[in-house]
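Colleague: Just a sequence and a predicted model for now, questions to come.
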Amino acid sequence: MQSEISSLLGNDSQQQRVAGTESMVDGTSYDVKHQQKVISRGKILMAASILIGVITVFHSSSVRPAFRGINNNNNDNERTRADRDEVYHAWEAAIFENGKKSMAANNLDFFSAGLVVENYEGVLDKLLYLNHTHAFDQLKTDGVDSSSLDFFYYQNGWEAQINQAYCAVASSAAVLNSLRGKIKLPQDEVYIPFQWATQTQLMLNECVKQNLYDVDKMHHLFWGMGLKMATKLLQCHLEDQGYSVEAHHVDPQQISMDEVRQGIKEAVLDPEARVIINYDRGGIGQGDMGHGHFSPIGAYNHEIDAFLVMDVAKYKYPPVWVTTKRLFAGISGLDFCADFVYDKLPDNSLPRAEFAKIIDCKPAFRGFAIIKPTV
């Protein structure tokens, strides 16, 4: 664009010099000279207009909301939305970029080196999201020391949590639907005559209503659950169907990373068992978009020593390969309110300490739950 503007200005200067020469040689009239000046000014103005237009376009694209379907006449709201969208897209780009940089060894670029995954044993140092091609490749190394069977079982019923607090419920629904054909699933009237475990239907179970949360009596916003409570939710649906659900709280002073790896890996390798984890996003490297969370484990890869966390908050993060070291950090933190009484849930505008006292908060370590047949 600068070269085009310079060219226009250069031509103008050349024409002005020519016009001056002609006036001295052959007495060109004032009208002719004036016309030349007008043309020159016009080209200068045109060049300036182009430059202003370019600046305007770049400025507009930088502040325009990313979601084109949004129409709002309030400039302040548009600016706020644009800022929010800019942050969101930067965060989303970072997810992909982190995944792209995760696979590297011996200072070689994974994409150009053309090496097979066996040459990368133990080098996954960042989160590797499943929106990246090489993340899918890690599912292909099935065998004695790696398994992705659960990943495929979950595809049948792994749905996004329906609100910001239903991560334990969504994880439980995913587990139940992955066992379709082996258990009787909750019957949601929306899908009659087909059996399908929905998050809403899970909470209508009589055992759940009596022991956790009575949706017919309570009008509060759902708060979420701790590991013990999530375990009880699954027990209400599975204990009378030949399955056990056992919570494993991970106190780093009492249980080692190797023990956690072995326990979760054995369950993942068992096609009849399932695992859900209760973790802190900050512990595994996702602290910017939430903290306490639940999700199922879909696979383990021995070569990169990583578990596939199938995030039920699908609108936030895709599934992600997380090394055992990072996973251990995420599930070994303390949940300040892991168990509480729902029917005492007050207005959440109260100070945190007072709120916790009213609902009888009991802290506990996070961890994982293993679901497996009792026989």
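Modeller: Arrived safely, thanks for sending.
Colleague: Could you use CA atoms for every contact and neighbour count after this?
Modeller: Will do.
Colleague: Could you report the neighbour count for R352?
Modeller: R352: 9 surrounding residues under other CA atoms under 10 Å.
Colleague: And for the one 3 residues further on?
Modeller: For F355, the count of nearby residues is 17 (other CA under 10 Å).
Colleague: Could you look up the SS state of it?
Modeller: Secondary structure for F355, judged by DSSP: H, G, I helix; E, B strand; the rest coil, is helix.
Colleague: That one: what's it in contact with?
Modeller: For F355, the contacting residues are 346, 348, by CA atoms under 8 Å, 6 or more residues apart in numbering.
Colleague: Would you check how far apart it and L345 are?
Modeller: Look at F355 and L345: by CA to CA, to the nearest Å, they are 8 Å apart.
Colleague: domains of the chain?
Modeller: According to automatic domain parsing, the chain comprises the domains 2-63, 141-373.
Colleague: Looking at the ones you listed, spot the one closest to H134.
Modeller: Proximity to H134 (CA to CA) singles out domain 141-373 among those, at 10.7 Å.
Colleague: In JSON lines, list the domains of the chain along with mean pLDDT and distance to D83.
Modeller: As requested, these are arranged in JSON lines below (pLDDT from 0 to 100; distance: least, CA to CA, whole Å):
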{"stretch": "domain 2-63", "mean pLDDT": "39", "distance to D83": "8"}
{"stretch": "domain 141-373", "mean pLDDT": "91", "distance to D83": "16"}
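Colleague: Pick the most buried one from those domains.
Modeller: Among the domains of the chain, domain 141-373 has the highest mean neighbour count (mean count of other CA atoms under 10 Å), at a mean of 19.
Colleague: Could you pull out the strands in this structure for me?
Modeller: All strands of the chain, identified by DSSP state E, fall at 104-105, 108-109, 128-129, 243-249, 274-280, 292-301, 306-309, 320-323, 334-339, 362-365, 367-373.
Colleague: And those: which comes nearest I192?
Modeller: So among the strands of the chain, strand 243-249 is nearest, using CA to CA, at 25.0 Å.
Colleague: Adjacent strands (with direction) for that closest one?
Modeller: With DSSP bridges as the test, strand 243-249 is paired with strand 367-373 (antiparallel).
Colleague: And the contacts of the strand it pairs with?
Modeller: 227, 231, 242-250, 264, 267, 272-279, 331-332.
Colleague: This protein: helices as residue ranges?
Modeller: With DSSP state H as the criterion, the chain has helices at 2-26, 30-63, 75-102, 110-113, 133-137, 149-154, 167-178, 199-202, 206-211, 227-238, 257-269, 281-284, 324-331, 352-358.
Colleague: circling back to that earlier point, in JSON lines, list the domains of the chain along with distance to D125.
Modeller: Shown next, in JSON lines, are these (distance: least, CA to CA, whole Å):
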{"stretch": "domain 2-63", "distance to D125": "34"}
{"stretch": "domain 141-373", "distance to D125": "8"}
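Colleague: picking up where we left off before, save the strands of the chain as CSV, and put in distance to P186 too.
Modeller: Shown next, in CSV, are these (distance: least, CA to CA, whole Å):
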stretch, distance to P186
strand 104-105, 45
strand 108-109, 49
strand 128-129, 32
strand 243-249, 15
strand 274-280, 18
strand 292-301, 19
strand 306-309, 25
strand 320-323, 29
strand 334-339, 25
strand 362-365, 30
strand 367-373, 17
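Colleague: Could you check how far L233 is from L204?
Modeller: 11 Å.
Colleague: Would you check how far apart G282 and K182 are?
Modeller: From G282 to K182 the distance is 36 Å (CA to CA).
Colleague: Also A170?
Modeller: Per CA to CA, A170 is found 19 Å from K182.
Colleague: How about C337?
Modeller: 34 Å.
Colleague: Equivalent analysis for R326, please.
Modeller: When R326 is compared with K182 (using CA to CA), they lie 33 Å apart.
Colleague: before we move on, the earlier item: what's the closest of the strands of the chain to A82?
Modeller: With CA to CA as the yardstick, what comes closest out of the strands of the chain is strand 128-129 (26.0 Å).
Colleague: which other helices and strands contact the closest one?
Modeller: helix 75-102, strand 320-323 (3 or more CA pairs under 8 Å, 6 or more residues apart in numbering; DSSP states H and E).
Colleague: How confident was the prediction at D137?
Modeller: As predicted, D137 sits at a pLDDT of 81.
Colleague: is it true that Y279 touches R366?
Modeller: Yes - Y279 is within contact range of R366, at 6.2 Å (criterion: CA atoms under 8 Å).
Colleague: Find residues that contact each of these two.
Modeller: Any residue near both Y279 and R366 by CA under 8 Å, 6+ apart counts here, and that gives 331-333.
Colleague: Let me know which of the strands of the chain is the nearest to Y153.
Modeller: That would be strand 292-301 among the strands of the chain, by CA to CA, at 8.5 Å.
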